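Student: sequence first, then the predicted structure, then my questions.
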Amino acid sequence: MHLQRTIKEIIRSSGIGLHSGERANLRLVPAPINTGIVFLRKTAKGPVPVKVDGTKVVGTLLCTTIGENGTKIQTVEHLLAALSGLQITNLIIELDSAELPIMDGSAKPFVDLILKAGIAEQGVPRTVLKITRPVEVNDGDKWIRIRPSWKFRVNCTIRFDHPLLAHQSCSFEPISEDFVEWIAPARTFGFLEEVEALRNHGLARGGSLENAVVVGPNGVINKEGLRYADEFVRHKILDILGDLSLLGMPILGEVEAYCPGHQLNTKLVSEILTSTDCWTMIKERPSAAPIQPPADSPIAAQVS
């Protein structure tokens, strides 16, 4: 059984946005029970809260973008994957830019920061979304589906027209495998031939060999090479974890995906949310008393 969790201390970090190329500053703040994950985007008119849920998706071109009332937050998937993998259920994420920092292209820097700050169990049971019948969405020959299971598991297969990525498959099950070791370090990737086209369309302006794996005609051009032989499909699983966290609660169900992307992942989220006969919510067992948010966290009061 698992309890709601937040972080023990405020975390500060900064970096460059992958697509915008602009510097972004983050502050992760412990949040009270039942807050959920809430972004607080600083704007000229003041802070705007955007609670993470599947109805807030406003873009899926090469990343996941959420927003509300015209305020957008881009490239949320890696941080959300870190929170999902570490089972953080309540957190305020303050941001002074329209895009999260890409860090090294994986979830590992976020994981390291959170583990350094510490994780606090809050003594109140989580609500879990249990899948009760299969749900599937397609895009041509690409698909992602989820079926009932009493555990959470992700199975993913990818294929690209490149000998290095012609076929990769991987499965991840949090009960038996460590997210911190096996999934979090897997970096985002792209093809050298596409970089110029992306920049001409206003994307990947902050991309570099420091924050992405770049694949050329003859293989990976990053000097350090790959972190895993199957790093590409592991990163796809990381993206799935981040995107499915938009459901707003942990999942009991088995996911299978073939050549997924953010559009398909978030389409599955939307399909699950609208198909209310395919799931039920269950609560896990309570334990100790909840902790309180820190005294210098006035932001939490703005979030209902």
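Tutor: Perfect, I can see it now.

Student: thought Val48 was touching Thr71?
Tutor: Yes: at 4.3 Å, Val48 and Thr71 qualify as touching, with contact defined as Cβ atoms under 8 Å. Where you see a C-beta, it was placed from the backbone N, CA and C, and this is true even at glycine.

Student: quick check: neighbours shared by these two?
Tutor: Arg41 (Cβ atoms under 8 Å, 6 or more residues apart in numbering).

Student: these two touch, right, Leu40 and Val52?
Tutor: No: applying Cβ under 8 Å as the test, Leu40 and Val52 come out as separate, 11.6 Å apart.

Student: which parts of the stretch 51-200 of the chain are strands?
Tutor: 57-59, 65-68, 71-74, 91-95, 119-125, 127-131, 135-139, 142-147, 152-158, 168-172, 189-191 (DSSP state E, counting those that start in this stretch).

Student: tell me which of those strands sits most buried.
Tutor: Most buried of the strands of the stretch 51-200 of the chain, by mean neighbour count (mean count of other Cβ atoms under 10 Å): strand 91-95, with a mean of 23.

Student: from Arg205, how far out is Glu196?
Tutor: Between Glu196 and Arg205 the computed distance is 12 Å (Cβ to Cβ, to the nearest Å).

Student: the more surrounded of those two?
Tutor: Higher neighbour count among Glu196 and Arg205: Arg205, with 14 against 10, using other Cβ atoms under 10 Å.

Student: can you tell me the element that one falls in?
Tutor: In the assignment (DSSP states H and E), Arg205 maps to no helix and no strand.

Student: wait, it touches Gly21, no?
Tutor: Yes: using Cβ under 8 Å, Arg205 is in contact with Gly21, at 3.3 Å.

Student: now for those two: what residues contact both?
Tutor: Residues touching both Arg205 and Gly21 (Cβ under 8 Å, 6+ apart): there are none.

Student: so for Ala229, which of the strands of the stretch 51-200 of the chain sits nearest?
Tutor: Nearest of the strands of the stretch 51-200 of the chain to Ala229, taken as Cβ to Cβ: strand 168-172 at 8.6 Å.

Student: tell me what that closest one is packed against?
Tutor: If contacts are counted by 3 or more Cβ pairs under 8 Å, 6 or more residues apart in numbering; DSSP states H and E, strand 168-172 sits against strand 152-158, helix 231-244.

Student: could you dump these to TSV with distance to Ile251 and mean pLDDT?
Tutor: TSV is the format used below for these (distance: least, Cβ to Cβ, whole Å; pLDDT from 0 to 100):
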stretch	distance to Ile251	mean pLDDT
strand 152-158	5	97
helix 231-244	6	98
